[in-house]
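K.L.:
need a 3D model of the sequence below.
(chains A and B, ligands or ions: 2)
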Amino acid sequence: MESKIKLDCDLPIGEPSVILSAKNIQKFFTDPVSIQVLKNIEFSVNAGEFVSIMGKSGCGKSTLLYILSTMDTQYEGELWLMNKKITGLSGKELSAVRNEHIGFVFQFHYLLPEFSVLDNVKLPGLKLGKLSPEEVEFNAMEKLRMLDVADQATKKATQLSGGQKQRVAIARALINQPAIIMGDEPTGNLDSKNASTVFSIFKDLSRELGTSLLIVTHDPDFASKTDRIIEMADGEIISHR
Amino acid sequence: MNRNVRFAIAKTHLLARKKQSAIAALGVTFGIGTFIILVSFMTGLNGLLDGLILNRTPHIRIYNEVKASENQPIDLHPQYKGGKNMVTSIKPKQELAGIRNAKALMSVVAKDSRVKGVTPQVSARIFYQSGNILLNGNAIGIDVLEEDRLFDFHQYIVGGSPSDLANNDNGIILGAGVAQKFSLHVGDKIQIMSSTGQTYKLKLVGLYQSGLADIDKIQSYVNIKTAQRIAGESGSYFTDISVKLFDIEQSYDLSKEIERSHGINAVDIKTANAQFETGTSVRNLITYAVSITLLIVAGFGIYNILNMVIYEKMNDIAILKATGFSGGDVKRIFIYQALMIGIVGGLLGLLLGLTMSYVISISPFETEALPTVKTFPVNFNGLYYVIGSVFAIVTTFFAGYLPARKASLIDPVDIIRGQ
Ligand SMILES: Nc1ncnc2c1ncn2[C@@H]1O[C@H](COP(=O)(O)OP(=O)(O)O)[C@@H](O)[C@H]1O
Ligand SMILES: [Mg+2]
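P.N.:
Ligands and ions are numbered 1, 2, ... in the order given. Below you'll find the model as predicted:
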């Protein structure tokens, strides 16, 4: 029923395989006047790499992340995910790519308030439809356990604390075992204790599951512990560290 | 698989706002329920009135009208051909009121494959006599059993039965108005006088009530032989022939054929009751207009609640899309919600309609015009329940479609950036 994009990631061993690459991405906003918010963005993320993006407020980090997560299609340049060109796919195909290969964690946790914690985690898995509902539920419980919120599974999402919600959101991002997880200031709304917990979860993911991570953050401590920092200013990448 | 997920999400959305969903569903219930009640009752009533007119009235009535000959002798004269002839004070032809050669005519008409049955009548002018009082009247001689078979004669009978008349050559089924005036009851005797002054004593075996007071004061029924005797005519004298067809729609054509080939008057039911059809179609029109209006109101209810849900659920829609649900998924989630409201509301509406129709159908309804009807007429036709279901689904689908489309077009980036 759904058209599935087959993405190929079998690359020669030894060379790090590129998961995501942005090729000369430009973004203009035309309302109220035409301004360029992203200029010649060119970079890639390898498998298992933990990359952070930093930069002053308003420099275009979120805008870039929306493009990379395939939600925003109004840009110039090319986006490649696992050696497959994403730019130009239909809305339905992009949904499928997002569902299967990209996990997204927002600053404000964004859970569905009417559903239980467990259902929130399950939904993208059920949408993917590759596993039976029982298997999806089993996996969802496993992710919740891994993030130490399994005891909250039957509660409604609104009954959790901020730190718990963010962990559930990460569990949801993980449910389909995506190639890459993107986060837009996922710890920006958390106290330092919860923030460091979330950071160590990300770290474990990249190390143990080989999941790539691309996280926007304002926190220099957080960034300094990642594999690579991309620094932006005025819509441009000014340095890779 | 995917359908189950969408269905589950739609269900959760609806159950999260039970009150609003229930109100929207009740709108549909009310619309469909009213439709069922109205249409069952209206068509029941129509059926009753149809029965009144269509089942009891001859589809074609053959009679011999007393009138002046259309071809006056002067028209036949070669000398006056082509000119305009003026003849004043024409008298009708001197001839019997009866139909000439009626038996032969009847057997010819009865052989026609379109004809269900044919029965003759003999109409005779009489006076009802009570002491010195004479009341003007009309005795109609009928073949009682044929009359009942073809035209439901028993539906007019309020006392006694048609077979009582069939079994009694000196019986009479008296107009209820006459019986009332003379304080007569079934079993009593009544004296009548023919136009030639002959008197007859007849036994009252039943009462006839058409519901039209003017007729019930005048008309009575006797056996054909009795009427022929009263009229002073032979056994081959008939004044009317009533014809019933299998298909009423053919009555006009056949009446014209009979007129042409037998040189006699034949009038079809539609020409005789032209006002009647208009009434039926107006009643049907009102039924459908009211029901559709109610359903449209219900549709607006659904449209409203879904619009509201979608505005409240912008965030959820953005999340669903961000986690991989497509615009089509989102659209279907909201259409499912509309359809669930429609199906639940519609089913309850069918139930409401059935219950109320039943209550109406057992409520007492007595009217002079319909002596044999005791309760309101209700037409329990499954077709209306099918139409009601289709209405419910179609209305809710369209009411849900616009909001659902709007939801499917929501750009998650706009929502997420807005926070
Ligand atoms: N919808 C929009 N229309 C016009 N300008 C926008 C819109 N969204 C964001 N911008 C502008 O684009 C720039 C980058 O915004 P954003 O990506 O949100 O920055 P960051 O996430 O780095 O703080 C800002 O100057 C912002 O004002
Ligand atoms: Mg931002």
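K.L.:
what's the distance between B:F30 and B:G342?
P.N.:
Remark: distance between B:F30 and B:G342 (C-beta to C-beta, to the nearest Å) = 13 Å. Just so you know, the C-beta spots here come from the backbone N, C-alpha and C atoms, and that holds for glycine as well.
K.L.:
ok, these two, which is more surrounded?
P.N.:
Just comparing B:F30 and B:G342: by other C-beta atoms under 10 Å in any protein chain shown the higher neighbour count belongs to B:G342, 28 against 19.
K.L.:
for that one, helix, strand, or coil?
P.N.:
helix (DSSP: H, G, I helix; E, B strand; the rest coil).
K.L.:
which ones are touching it?
P.N.:
B:G342 makes contact with B:V28, B:I302, B:A392, B:I393, B:T395, B:T396, B:F397, B:G400 under the criterion C-beta atoms under 8 Å, 6 or more residues apart in numbering or on different chains.
K.L.:
again, 6 Å this time
P.N.:
B:V28, B:A392, B:I393, B:T396 (C-beta atoms under 6 Å, 6 or more residues apart in numbering or on different chains).
K.L.:
pLDDT below threshold where in the stretch 51-200 of chain B?
P.N.:
For the stretch 51-200 of chain B, residues meeting the criterion pLDDT under 70 lie at B:67, B:69, B:93-96.
K.L.:
how many other residues sit next to B:Q337?
P.N.:
Neighbours of B:Q337 (other C-beta under 10 Å): 29.
K.L.:
grab the nearest non-local neighbour of it.
P.N.:
Nearest non-adjacent residue to B:Q337, counting by C-beta to C-beta, 6 or more residues apart in numbering or on different chains: B:A10, 4.6 Å away.
K.L.:
burial count for the one you found?
P.N.:
B:A10: 19 surrounding residues under other C-beta under 10 Å.
K.L.:
part of a helix, is it?
P.N.:
Yes: B:A10: assigned to a helix according to three-state DSSP.
K.L.:
now neighbour count, distance to ligand 1 and secondary structure too, for the contacts of B:G342, in JSON lines please.
P.N.:
Shown next, in JSON lines, are the contacts of B:G342 (neighbours: other C-beta atoms under 10 Å in any protein chain shown; distance: C-beta to the nearest ligand atom, whole Å; DSSP: H, G, I helix; E, B strand; the rest coil):
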{"residue": "B:V28", "neighbour count": "32", "distance to ligand 1": "40", "secondary structure": "helix"}
{"residue": "B:A392", "neighbour count": "29", "distance to ligand 1": "42", "secondary structure": "helix"}
{"residue": "B:I393", "neighbour count": "16", "distance to ligand 1": "40", "secondary structure": "helix"}
{"residue": "B:T396", "neighbour count": "32", "distance to ligand 1": "36", "secondary structure": "helix"}
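K.L.:
among those, which two are most distant?
P.N.:
Maximum pairwise distance in those, criterion C-beta to C-beta, is 9.8 Å, between B:V28 and B:I393.
K.L.:
who in chain A is up against chain B?
P.N.:
Contact residues (C-beta under 6 Å from any C-beta of the partner chain) of chain A with chain B: A:66, A:71-72, A:91-92, A:95, A:98-99, A:104, A:108, A:110, A:112, A:114, A:124, A:126-127, A:129.
K.L.:
list buried residues within the residues you listed.
P.N.:
Neighbour counting with 16 or more other C-beta atoms under 10 Å in any protein chain shown marks A:66, A:71-72, A:95, A:98-99, A:104, A:108, A:110, A:112, A:114, A:124, A:126-127, A:129 as buried within those.
K.L.:
the spatially most central residue of chain A and A:M71: what is the separation?
P.N.:
Geometric centre of chain A, nearest residue: A:M182, 1.9 Å, by C-alpha atoms, centre = their mean. Distance of A:M182 to A:M71, computed by C-beta to C-beta: 10 Å.
K.L.:
coming back round to it: between the buried ones among the residues of chain A next to chain B, which sits nearest chain B?
P.N.:
A:N99 (2.3 Å; C-beta to the nearest C-beta).
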